[in-house]
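> Everything below, folded, please.
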Amino acid sequence: MTTTRRLAAILAADVAGYSRLMGADEGATLRAPKAIRAELIDPTIASHNGRLVKTTGDGLLVEFGSVVDALQCATEVQAGVAERNTAVPNDRRIEYRIGINMGDIVVEDGDIFGDGVNVAARLEALAEPGGICVSARVQEDAAGKLDHAFEDMGEQALKNIARPVRTYRVATVPVPSKVAETPALALPDKPSIAVLPFQNMSGGPEQEYFADGMVEEIITALSRIRWLFVIAPNSTFTYKGQVIDVKQIGRELGVRYVLEGSVRKGGGRVRITAQLIDATSGAHLWADRFDGALQEIFDLQDRVAVSIAGVIEPTLQAAEIRYSVARPIDDLTAYDLYLRARAVASTYERNDLVKALELLGRAIAREPRYGLALAVAATYRVDLENYDWVDDREAEANRRTAIDLARQALRTGADDPDVLGRAAIVLGRFGEDIDAALALINRALALNPSFAYGWYWSGWVHTFAGQLDLAIQHFETSMRLNPRSLRGFHLAGIGMAHFLARRFAEAVAVLRVSIEEVPTFAPTHRTLAACYAQMGRLDEAREIIKRLVSLTPVIVPTANPCRNPEQGELFLSGLRLAAGETKMNR
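Numbering: from 1, shown residues only. Next up, the predicted model:
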């Protein structure tokens, strides 16, 4: 008897539902795996330098010298089996589950033993029919060498294995092109997304119901985004339990983006993971995870749905802008012109903002009832004033134009949360009726509670209205919904709200961080200077004024959006005190 040890990649596979298949048709079930082995599995193992160690009825064990060979073999086998099954009824298909591990093995007279083998066998039991599960060592060794995506299943307690094993599912198993040759649906004329059924990693019907409910809540939340085309759940749930390339799903459903995820329970806690994928390229645009207690499971469901919708909206806007900018200049629709304007204006430079307004003007000329283009043009005119890029002679005309654009937008998009939110910030900043602005922003948030930008605009409108604690809450909600946003603008609003509430120390702490993150935003400098002055810290106030002068000649603006006279005077008197002998107005 010869015994040796070595490090090897172990592949374990078996036929899913073998007993059921045998009960239905024993003869066919015995013949089919033999044919698959002879025609597909054995040649694939040989082509990847594998050694078939043994077969065990419906299963087999294979040894490889490298993880890359083992994983490539597994994906080719699963793709080949899927191809053979295309003409076979679902209840008669032979489907394999595969597990792969890299570890130390004992070789004895040609057979192999040890934890390396045992872990592979347990991973195979975790895999779905047609799927592949691998250990963390396999995932680490394969990353960057193969074009496969891996979904983290977390640490799994495997039977008869002393320690938990971090496990990954191979998220996409490449299928030969003729299997995927489904006529591709044309993409709609606006961004489109499908939310796939989330995987239940825990087992148990109660978690299955939760996972399905989670997806339906997310679809409902995304459907509130008016510019987004969302596939209905009765279409996406047809993919439940299948391992399919997201590119194929994109073609079959006619969508550019796919959201997928998983739900896993453990120790009284629930973990939900989600990832947004560009179905045209397979690129991952965003991923995150959410944790909560089982006893709060439905509150967690609502929170996750709102959070995912909130972060997906700006992520998809950015992705759509990238697509539009790449299009030929002679093939621009009104929507493309709108997206290009958004891209140009993102630099926060004066000339670019003027260029963005010109692009929006062209979009509106093509589609005069383009509510969102009208509303965005109105808010860009607010930005011109915020950055002091409009002189005294033009200021009043700029404000009138902004208000007129906002009102035109409301006539064409009165049920669009984005239009309502933008109109609210314009009328809150320039208009006379602050109650109208509050009503508009409240309606926008009622229509889409996950609207991150809407909560940001609401923070400013409530600040203008003097509802300061509520304003701070809304700025903070916006940051939670869109944690990748430029926080400096939110902090500018929070700092101003604290200042107007005479919480000067809190205001200084927040405003200093805001200036570090957005150093060119003049309104933050004004608020901080006024705050220092009201605290009696005049040297620091005048130091901020010096920095303000380097950004703009305007120290004390002629227009003050605060509707509460006492709060407005607190701001203006502090700013005048800080300015001293410096030129104080336009």
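> shaky segments in the stretch 151-300 of the chain?
By pLDDT under 70, the low-scoring segments of the stretch 151-300 of the chain are 172-185, 189, 203-207, 209, 243-244.
> hmm, try it at 80
By pLDDT under 80, the weakly predicted segments of the stretch 151-300 of the chain are 157-162, 171-190, 201-210, 213, 226, 234-235, 241-245, 265-268, 294-300.
> What residues are bridge-paired with the spatially closest residue to residue 261 that is not a sequence neighbour?
Among residues not flanking residue 261 along the chain, residue 274 sits closest, at 3.7 Å (C-beta to C-beta, 6 or more residues apart in numbering). (Glycine included, C-beta is placed from N, CA and C.) Beta bridges link residue 274 to residue 261, residue 288 when assigned by DSSP bridges.
> gap between residue 274 and residue 215?
According to C-beta to C-beta, to the nearest Å, residue 274 stands 10 Å off from residue 215.
> which neighbours do these two share?
residue 198 (C-beta atoms under 8 Å, 6 or more residues apart in numbering).
> Residue 571 is in what secondary structure piece?
Residue 571 belongs to helix 565-579 when assigned by DSSP states H and E.
> helices and strands around that helix, which ones?
helix 487-500, helix 522-534, helix 538-549 (3 or more C-beta pairs under 8 Å, 6 or more residues apart in numbering; DSSP states H and E).
> Point out where the stretch 301-450 of the chain drops to low pLDDT.
The stretch 301-450 of the chain contains residues with pLDDT under 80 at 301-302, 320-333, 392.
> Where do the helices of it begin and end?
Taking DSSP state H, counting those that start in this stretch, the helices of the stretch 301-450 of the chain run over residues 334-345, 350-366, 371-386, 392-412, 417-430, 434-447.
> do the same with the stretch 1-150 of the chain
18-24, 26-36, 42-47, 67-84, 115-126, 136-142.
> Figure out which of those helices is closest to residue 465.
helix 136-142 (52.6 Å; C-beta to C-beta).
> Pull out the buried residues from that closest one.
By neighbour count with 16 or more other C-beta atoms under 10 Å, helix 136-142 contains the buried residues 136, 137, 138, 139, 141, 142.
> Can you pull the domain assignment for the protein?
Domain assignment for the chain, taken from automatic domain parsing, gives 3-170, 192-325.
> could you redo the ones you listed as a markdown table and give each row distance to residue 425?
Formatted as a markdown table, these follow (distance: least, C-beta to C-beta, whole Å):
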| stretch | distance to residue 425 |
| --- | --- |
| domain 3-170 | 40 |
| domain 192-325 | 16 |
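> so which of those domains gets nearest residue 366?
It's domain 192-325; of these, that one is closest to residue 366 (C-beta to C-beta) at 14.6 Å.
> what distance separates that closest one from the centre of its chain?
9 Å (C-alpha atoms, centre = their mean, to the nearest Å).
> Over to stretch 400-419?
The chain centroid and the centroid of stretch 400-419 are separated by 28 Å under C-alpha atoms, centre = their mean.
> can you check stretch 425-436 too?
Taking C-alpha atoms, centre = their mean, one finds stretch 425-436 lying 32 Å from the centre of the chain it belongs to.
> Pairing partners for residue 194 in the sheet, please.
Taking DSSP bridges as the rule, residue 194 bridges to residue 258.
> Quick one: residues contacting residue 334.
For residue 334, the contacting residues are 363, 364, 366, 367, 370, 373, by C-beta under 8 Å, 6+ apart.
> Surely the second one touches residue 370?
Yes - taking C-beta atoms under 8 Å as the definition, residue 364 is a contact partner of residue 370 at 5.7 Å.
> How about stretch 304-322, which residues are buried there?
Neighbour count says stretch 304-322 has 304-317, 319-321 buried, by 16+ other C-beta under 10 Å.
> close enough to count as contact, residue 194 and residue 251?
No - the criterion here is C-beta under 8 Å, and residue 194 misses it with residue 251 at 11.2 Å.
> count of residues packed around the residue nearest to residue 261?
Residue neighbour count, defined by other C-beta atoms under 10 Å, stands at 24 for residue 274.
> thinking it is in contact with residue 260, fair?
Yes - the criterion here is C-beta under 8 Å, and residue 274 meets it with residue 260 at 7.3 Å.
> list residues touching both of these two?
Counting by C-beta under 8 Å, 6+ apart, the contacts common to residue 274 and residue 260 are residue 198.
> Of the contacts of residue 334, which pair is most distant in space?
Greatest spatial distance among the contacts of residue 334 (C-beta to C-beta): 366 and 373, at 9.2 Å.
> joint contacts of those two?
Here residue 366 and residue 373 share the contacting residues 334, 337, scored by C-beta under 8 Å, 6+ apart.
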